[in-house]
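In: Test case, fold it:
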Amino acid sequence: MRTPVVMTLGMVLAPCGLLLNLISTLAPGWRLVKGFLDQPVDVVLYQGLWDICREQSSRERECGQQDQWNYLAAEPVLVARGLMVTSLAVTALGLLLATLGVRCWQEEPHFVLAGGSGVVLFAAGLFSLIPVSWYNHFLRDRDVLPAPASPVTVEVSYSLVLGYLGSCLLLLGGFSLGLSFAPWCEERCHSCRKASPSDLRRSSISTVYVDWPEPALTPAIKYYSNGQHRPRPAEQGVASKPKVGFPMPRPPPKAYTNPVDVLDGEAAESRGTSSRSTRPCHSTLPCDSDL
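Out: Next up, the predicted model:
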């Protein structure tokens, strides 16, 4: 099957966030200090988590400068070191789990493992966003983050911006991969809904079976079904007995004979006595002359 969009998006955003956080952690550019009175105007200091660099006119850059104000020992710097390194390690673990869970070379991805990697990457984004936000909050506080007195000014540098971007990409990538839990949760909820006892109880209430007594039917209806007559139980027993012997021939039907002479009246008419016979018919059947 094709890799889901949420997995593809997470696999693209998470490595980008890892790269930006790595640059932000190692590069000495969290804070920019400039405006020194005893140095040339174009001299600036880049302060990071591990080192301090001096740059002049973008031509000369010298790192490993002496920490005159005890900047590297400040609490926000020490906390940022630990959390940024932790974020990098957790991000690497999340990407490993995502690679095993997405498995673009297989037919079906492992949704649970991919979703778990999204949770890990989202936590890595939080680990990097907390120190970046805390450092930015105390950026101009010279008591928390030591810096020379005025007129020296402090500004946000590029490493802090990269830290913000990397944290946001990790959060988005982790959230996108976390959506891989949706198919797994839908399948589990569907199976639980099938085996839910409340559904079984509801079905037993909605379906009521009543065993009504069979009504007594008349013989004409009781032994007639599907357009055919069925023999009664007594007749079924008789019909089931085998017949013995051979069939006897039936006598031919008797012919109907009329004992009255139906031609008597016609003979009298032929003699001219009368057009209609006055002799009463001795049979209950009508004579031919009457017809």
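
In: Okay, buried residues for stretch 64-78 please.
Out: 69, 71, 72, 74, 76, 77 (16 or more other CB atoms under 10 Å). For every residue, glycine as well, the C-beta is placed using N, CA and C.

In: Which ones among the residues you listed lie within helices?
Out: Residues of these located in helices (DSSP state H): 76, 77.

In: Please identify which pair of the buried residues of stretch 64-78 lies farthest apart.
Out: Spatial extent of the buried residues of stretch 64-78 (CB to CB) is set by the pair 69 and 76 at 13.9 Å.

In: how near is residue 2 to residue 31?
Out: 46 Å (CB to CB, to the nearest Å).

In: Who has more neighbours out of these two?
Out: residue 31 (24 against 6; other CB atoms under 10 Å).

In: next SSE after the helix or strand where residue 155 lies?
Out: In this structure, residue 155 sits in strand 153-156 according to DSSP states H and E. Sequence-wise, the next helix or strand downstream of strand 153-156 (DSSP H and E) is helix 158-178.

In: Show me what that following helix is packed against.
Out: helix 5-26, helix 75-102, helix 111-137 (3 or more CB pairs under 8 Å, 6 or more residues apart in numbering; DSSP states H and E).

In: Now render the ones you listed as JSON lines, adding mean pLDDT.
Out: Converted to JSON lines, the helices and strands packed on helix 158-178 look like this (pLDDT from 0 to 100):
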{"stretch": "helix 5-26", "mean pLDDT": "90"}
{"stretch": "helix 75-102", "mean pLDDT": "91"}
{"stretch": "helix 111-137", "mean pLDDT": "91"}
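
In: Out of those helices, flag the one nearest residue 149.
Out: helix 75-102 (19.5 Å).

In: what's the spacing between the closest residue to residue 114 other than its chain neighbours and residue 179?
Out: Distances taken as CB to CB, 6 or more residues apart in numbering put residue 101 closest to residue 114, at 3.4 Å, once the chain neighbours are dropped. Computed as CB to CB, the residue 101 to residue 179 distance reads 13 Å.

In: Same check on residue 159?
Out: Residue 159 is 31 Å from residue 179, by CB to CB.

In: Comparing the two, which shows the higher neighbour count?
Out: residue 159 (24 against 18).

In: any idea how far the more buried one is from residue 16?
Out: 16 Å.

In: Also residue 87?
Out: Counting by CB to CB - residue 87 and residue 16 are separated by 14 Å.

In: Same check on residue 139?
Out: Taken as CB to CB, the span from residue 139 to residue 16 is 25 Å.

In: Looking at those two, which has the bigger crowd around it?
Out: Neighbours per residue (other CB under 10 Å) separate residue 139 from residue 16, with residue 139 holding more: 19 against 15.

In: who's in contact with that one?
Out: 31, 145, 154, 156, 160 (CB atoms under 8 Å, 6 or more residues apart in numbering).

In: Of these, which is the nearest to residue 112?
Out: The closest of those to residue 112 turns out to be residue 160 (CB to CB; 36.3 Å).

In: ok, and the closest non-adjacent residue to that closest one?
Out: residue 30 (5.1 Å).

In: for residue 45, helix, strand, or coil?
Out: strand (DSSP: H, G, I helix; E, B strand; the rest coil).

In: Look up which residues are beta-bridged to it.
Out: Counting by DSSP bridges, residue 45 is bridged to residue 33, residue 54.

In: wait, it sits on residue 65?
Out: Yes - between residue 45 and residue 65 there is a contact at 7.1 Å, judged by CB atoms under 8 Å.

In: any shared contact partners between those two?
Out: 52, 53, 54.

In: Look up phi and psi at the first one.
Out: Note on residue 52: its backbone torsions stand at phi -130, psi 130 [degrees, to the nearest 10].

In: ok, now which ones touch the nearest residue to it once chain neighbours are set aside?
Out: Spatial nearest neighbour of residue 52, excluding adjacent residues (CB to CB, 6+ apart): residue 65 at 4.4 Å. Contacts here follow CB under 8 Å, 6+ apart; on that basis residue 65 touches 45, 51, 52, 53, 54.

In: If anything else comes up later, I'll come back, but that's it for now.
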